[in-house]
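# Sharing a sequence plus its predicted fold:
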Amino acid sequence: MVTVKKFNKISDIVYTQMPQERYRFIEEGEDYDLALVRSAQLHETIFPKKLLAIARAGAGVNNLPVERCSEEGIVVFNTPGANANAVKELVLCGMMLACRRIVPGIQWVEQQRDEGAADVDKRMEKAKKDFVGGEIAGKTLGVIGLGAIGVMVANAAVALGMEVIGYDPFLSVDAALRLSRSVKLAKTQEELLGKCDFLTLHLPQTEKTKGMINESAIAAIKPGAVLLNFARGGLIDDEAVLAALDAEILARYVTDFPNDRIIRHPKVIAMPHLGASTPEAEENCARMAAAQLEEYLVNGNIKNSVNFPDCEYPRGEGWRIAIINKNVTNMMGQITAVLAQRQFNIEHMLNHSRGPWAYTLIDLLEQPDPACADALAAIDGVVRVRVIGGNA
Ligand code: MLT
């Protein structure tokens, strides 16, 4: 039985990928082989030595100690794209909330109800002049970050009649192929900032992106723009954004990441991290997270990891050795030497690297003995060796 710890409530759809005859799910306890998480903060969590992988049901992984996981040989997966439609829909809603006075209008109606006012149907015609707002068609939207969500937002905005400018220095071929040809690409962030009526952020929070919407970014923003942040709160320098709202450089700040300071400003429209909170997104994320864990456990294949490279090859007959190692000189030489000394013939081998880390799959027809696995594990720079076998 493989034990999976659920650090958050995760859709029951996981049981279709990880049947309860083979997987035991726990919510408490320190002894587990795999982990599923949504928003729980795991930076301080001590992981068991046997933990193979953590899957985050969502895109962002800033709640996880990714570097430490790499050192401990724990593969961290996320689920890119699985909740993209849900986030896209809320971003579109956010734009409309910012330019149409929908929330104050609803509040007016509710106030009439609460005060027991009569003839609302007649009085609203007079009241509505206070709730006039603009349209988004014909306006320019800037999208920073053209991953799964950014591309969907950009394409939807085009369909709604907006001019769209995108910026992503790391635009993947896959994303470029999915992006509407009507989306213009900016060469620099500054170029985009100066042209947009709406600016939306769709990039992860990392050391590099933390506080990216700061005083100097705001100096480049077209006055009167609306800033939308459905990515992560830490992308924003709160001080700079509040000052920009006061100075009317920003007309509104719409965010899914409120904090005590930000919510006090009348030009802030905040939601409690609702971007991915739809049953559809929760199911998609859970299904994808569970499928990736299962594939890694059963076949050693890695897809959508944030700390190790994608590395996939169909399992044949026989045994597979899966090795996580540092991406340094002569690792492959040492690994194959261990196998050669023991007369193992390699049927197939795959080695991919990503930054400081590499992952190696070696397929053998014969079963490697425990001493062979120990010898591989003893190589300096190897952090985990797993023998998966024998009847693929
Ligand atoms: C994400 O990173 O995709 C979202 O934060 C998911 C969530 O709401 O948990």
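Received the coordinates, thanks. Numbers count the residues shown, from 1 in each chain.
# which residue packs closest to residue 108, ignoring adjacent ones?
Spatial nearest neighbour of residue 108, excluding adjacent residues (Cβ to Cβ, 6 or more residues apart in numbering): residue 127 at 5.9 Å. All C-beta atoms are positioned from the backbone trio N, CA, C, and that covers glycine.
# Repeat that for residue 301.
The shortest distance from residue 301 to any non-neighbouring residue, by Cβ to Cβ, 6+ apart, is to residue 312 (4.2 Å).
# Pretty sure the residue nearest to residue 108 sits against residue 109.
No: look at residue 127 against residue 109 with Cβ atoms under 8 Å: they stay out of range, at 9.0 Å.
# Flag every residue of this protein that's near the ligand.
38, 39, 58, 59, 60, 83, 273, 275, 276 (Cβ under 6 Å from any ligand atom).
# ok, of those, which come out buried?
Listed as buried from the residues of the chain next to the ligand are 38, 58, 59, 60, 83, 275, 276; burial here means 16 or more other Cβ atoms under 10 Å.
# Just give me the residue closest to the centre of this structure.
The central residue of the chain, meaning the one whose C-alpha is nearest the mean C-alpha position (Cα atoms, centre = their mean), is residue 59 at 1.3 Å.
# show me the contacts for that residue.
Under the criterion of Cβ atoms under 8 Å, 6 or more residues apart in numbering, the neighbours of residue 59 are 78, 79, 80, 81, 82, 83, 84, 147, 148, 149, 204.
# now swap in residue 197 and tell me
The contact partners of residue 197, by Cβ under 8 Å, 6+ apart, come to 139, 140, 141, 222, 224, 225, 226.
# if I look at it, how far off is residue 5?
Residue 197 sits at a distance of 46 Å from residue 5 (criterion: Cβ to Cβ, to the nearest Å).
# residues near the residue nearest to residue 301, how many?
The burial count assigned to residue 312 is 13, neighbours taken as other Cβ atoms under 10 Å.
# so where's the longest helix in the protein?
Among the elements of type helix in the chain, defined by DSSP state H, the one spanning the most residues is helix 279-299.
# Show me what the following helix or strand past that one is packed against.
Following helix 279-299 in sequence order, the next helix or strand is strand 319-326 (DSSP states H and E). In this structure, strand 319-326 makes packing contacts with helix 331-341, strand 357-364, helix 370-377, strand 382-388, judged by 3 or more Cβ pairs under 8 Å, 6 or more residues apart in numbering; DSSP states H and E.
# need the helices for the stretch 101-250 of the chain, in chain order.
Assignment of helices within the stretch 101-250 of the chain using DSSP state H, counting those that start in this stretch yields the ranges 102-114, 120-127, 148-159, 173-178, 189-193, 215-220, 238-246.
# related to what we said a few turns ago, ranking the helices and strands packed on strand 319-326 by burial, who's on top?
Burial of these is given as mean neighbour count (mean count of other Cβ atoms under 10 Å); strand 357-364 ranks first at a mean of 22.
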